[in-house]
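Undergrad: the following comprises the amino acid sequence and a computationally predicted model.
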Amino acid sequence: MVKVGICGDVTTQLLTAALRERLSSRGVDAEIYEAPFDQVRRQLLTADSELQKFDPRFVVVWEAIERVRERAQTVEARLADVEALCAATRGTVLYVNAADGAGVDSRFVRAFDAGLDALAETTDNLQIVDLASLVAERGRAALFSPMLYYTASLALVPEGQQALAARIVEKIAALCGRERKVAVVDLDGTLWGGIAGEDGVEGIETAESPLGRAHADFQRWLKELQTRGILLAVCSKNDLSLAEEAFAAHPEMPLKRTDFAAFVANWDPKPQNVAKIAATLNLGLDAFVFLDDRREEREAVRKALPDVTVPELPEDPAEWVGFLGALDLFETASASADDASRTARYLHEAARQEVRKTFADEASFLKDLAMRAEVLLLDGGTIPRVARLTQRTNQFNVLTKRYGEAELRALAEDPATVPLVVKLSDRFGDYGIVSVLIGQRQEAELFVDTWLMSCRVIGRGVECFAFNQFVARARALGVKTIVGRYEPTAKNGLVKDLYLKFGFAARDDGSWALDVDGYRPVQSFIEVGG
Amino acid sequence: MERQEILQGLRDALCEVLGKSALELSLTTRQDDVEGWDSLAHIQLVLALGKRFGVTFTTKDVMEWTDVGSIVRCLEEKLA
């Protein structure tokens, strides 16, 4: 359950109603507090305001450029105000940026929006809601009514409020780990014009003709997603060798064969293939977007796999980039170095799976991987990744506590906190930080606050390595008992019996307890090392 | 358009906005007299009337709506 606060210096009722409806249909269970009109500073900067008492995870702040006009501030002063608002709240501020056309100097608007983007890079509880690009897409005349602004303080007409709400919901969903992570694309008619099997690989349209250039720009849009950490997968009705040949024969195409984390070309029904891709990538179907130029294929996937997002692509490929961009499908909370290497990590995993086939048993395979793990501190270098892990990890997660960077910094400084951050690598490559344990010490007891592990490494024994290290640390601190709790969610059934596996005993109040002195390390094939 | 027709159209629009099947409205009925006719409903009424009667209201028009009668007179002028 996610708490969302809303405050603005313009009317927020229509936005609130739209958010409520859209959060619900996006599957986000939300409780909303709407502040009274024009109380942004009062609600955010006063310690015991209703909003602060509500303590929301997200606060939508809408200071419309039309009202900002009244204040005659410099860009720097405005940005300092925004920074102060963020510093005053625990939750993440979703700040609506400024759109041009309101009679405010365009240079002010552009400088302010650029300043907001820069501020968001360095302020970990600030995310920008891009009203500017929404207005650029639809036009101010379509979204703004001066009469409604002066009579009802509405900064957008009802359709505009809906569109803004849609953007905000995608941001929230992304920040709750519900973002879409994979684009599955068809080949013929989608990545290129024509049909490789009929026109021959040389005959497909990829660059020179007007249609070829439209497809090439669509590929560029996909490539840009991939560098931001979105995975690409091919699902095509084709012979596999022909499909691969098409890439080899067209090196001028923006996308290369190696840009795809999965590549499926056969004559099976596409819903089946998409489900297989999901299983291979170990991601839920609700993280998938299916892009195909053929209506029958789109309808088949929609029907068989309702969790997959299937945009109704316009008939003309020339319109796809604009259409898809406006849908805001691939909102991510923020970009990081981790994202750019995501496809490479999936390809390493594919290589591991190939090698796995050569082993008769799992143990031999795990030994062959030559896995090494490093235990790291919870500090400036690890906190960003740890925060994202707490926000996105759903399956191997006993208490599903979501943390922002500021909260983790506070935890790291608290002497009662016992953190354990595990980074894994093997002979195929680096997995990055994959597991986090956080304990809260109270005299001789250590309470498990967080125990999570990335789904990348399920089955590798990382939880054994990590927990062995955790107990060793507890013992060194004089802890006698480790106490754990499990809170079931729709996605974490995997760890229902985790405590049992590690020798915890169930207690009457539903918690689990482990006697530290009696603990014997569980074997894993992971060695300490970098 | 006849005054009665305008009043009926206004009544229908307000019913839709408030989610009611029927409303008693006279020319002297004010916003405060009708349950649920809050500021949000008022915005929705402005938009609904503009659509229903195919007219555009100015800021001054909307400011002068103090009771049902003033809304009806405003619409009468626009439709004349």
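TA: Okay, I see it. Predicted, not measured: the structure shown is a model, and the values here were computed from it.

Undergrad: what separation is there between A:D259 and A:L211?
TA: 22 Å (CB to CB, to the nearest Å). Any C-beta I mention is one placed from the backbone N, CA and C, and that applies to glycine too.

Undergrad: flag every residue of chain B that's near chain A.
TA: Residues of chain B lying close to chain A (CB under 8 Å from any CB of the partner chain) are B:39-40, B:42-43, B:46-47, B:56-59, B:62-63.

Undergrad: let's go with 7 Å and repeat that
TA: Proximity of chain B to chain A (CB under 7 Å from any CB of the partner chain) is limited to residues B:40, B:43, B:47, B:57-59, B:62-63.

Undergrad: would you turn those residues into TSV with pLDDT and neighbour count?
TA: Formatted as TSV, those follow (pLDDT from 0 to 100; neighbours: other CB atoms under 10 Å in any protein chain shown):
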residue	pLDDT	neighbour count
B:L40	85	16
B:I43	87	21
B:L47	92	19
B:F57	93	23
B:T58	92	14
B:T59	91	14
B:V62	91	19
B:M63	88	12
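
Undergrad: closest to A:D100 out of these?
TA: The nearest member of the residues of chain B next to chain A to A:D100, counting by CB to CB, is B:T59 at 22.4 Å.

Undergrad: next up, the contacts around that closest one.
TA: Residues near B:T59 by CB atoms under 7 Å, 6 or more residues apart in numbering or on different chains: A:147, A:150-151.

Undergrad: now those residues: which count as buried?
TA: Buried members of the contacts of B:T59, counted by 16 or more other CB atoms under 10 Å in any protein chain shown: A:147, A:151.

Undergrad: what about the contacts of B:T59, which are in helices?
TA: Mapping those onto helices (DSSP state H) picks out A:147, A:150-151.

Undergrad: tabulate those (CSV), appending distance to A:A72.
TA: Listed next are the ones in helices among the contacts of B:T59 as CSV, based on distance: CB to CB, whole Å:
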residue, distance to A:A72
A:M147, 25
A:Y150, 20
A:T151, 24
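
Undergrad: and chain B, which of those contact it?
TA: Among those, chain B is touched by A:147, A:150-151 when using CB under 7 Å from any CB.

Undergrad: so can I have JSON lines of those residues showing pLDDT and distance to A:V201?
TA: Below are these laid out as JSON lines (pLDDT from 0 to 100; distance: CB to CB, whole Å):
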{"residue": "A:M147", "pLDDT": "92", "distance to A:V201": "59"}
{"residue": "A:Y150", "pLDDT": "91", "distance to A:V201": "61"}
{"residue": "A:T151", "pLDDT": "90", "distance to A:V201": "62"}
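
Undergrad: which one of those residues sits closest to A:A17?
TA: Proximity of those to A:A17 (CB to CB) peaks at A:T151, which lies at 18.7 Å.

Undergrad: the stretch 151-300 of chain A: strands as residue ranges?
TA: A:182-185, A:231-237, A:260-266, A:288-291 (DSSP state E, counting those that start in this stretch).

Undergrad: show the backbone phi and psi for the residue lying closest to A:V418 once chain neighbours are set aside.
TA: Distance criterion CB to CB, 6 or more residues apart in numbering or on different chains; nearest residue to A:V418, sequence neighbours excluded, is A:G439 at 3.9 Å. Reported as degrees, to the nearest 10, the phi and psi values for A:G439 are phi -110, psi 150.

Undergrad: shouldn't A:R441 be in contact with A:V418?
TA: Yes. Between A:R441 and A:V418 there is a contact under CB atoms under 7 Å: 5.7 Å.

Undergrad: intersection of neighbour lists for those two?
TA: Taking CB under 7 Å, 6+ apart as the criterion, A:R441 and A:V418 both touch A:L477.

Undergrad: neighbour count: these two, which is higher?
TA: A:V418 (23 against 17; other CB atoms under 10 Å in any protein chain shown).

Undergrad: so who does the more buried one touch?
TA: Contact analysis of A:V418 by CB under 7 Å, 6+ apart lists A:439, A:441, A:446, A:473-474, A:477.

Undergrad: inside strands: which ones of those residues?
TA: A:439, A:441, A:446 (DSSP state E).

Undergrad: from A:F467, how far out is the residue nearest to the second one when sequence neighbours are not counted?
TA: In other words, A:R441. Spatial nearest neighbour of A:R441, excluding adjacent residues (CB to CB, 6+ apart): A:A416 at 4.8 Å. Separation of A:A416 from A:F467 (CB to CB) stands at 20 Å.

Undergrad: who's more crowded, those two?
TA: A:F467 (25 against 12).
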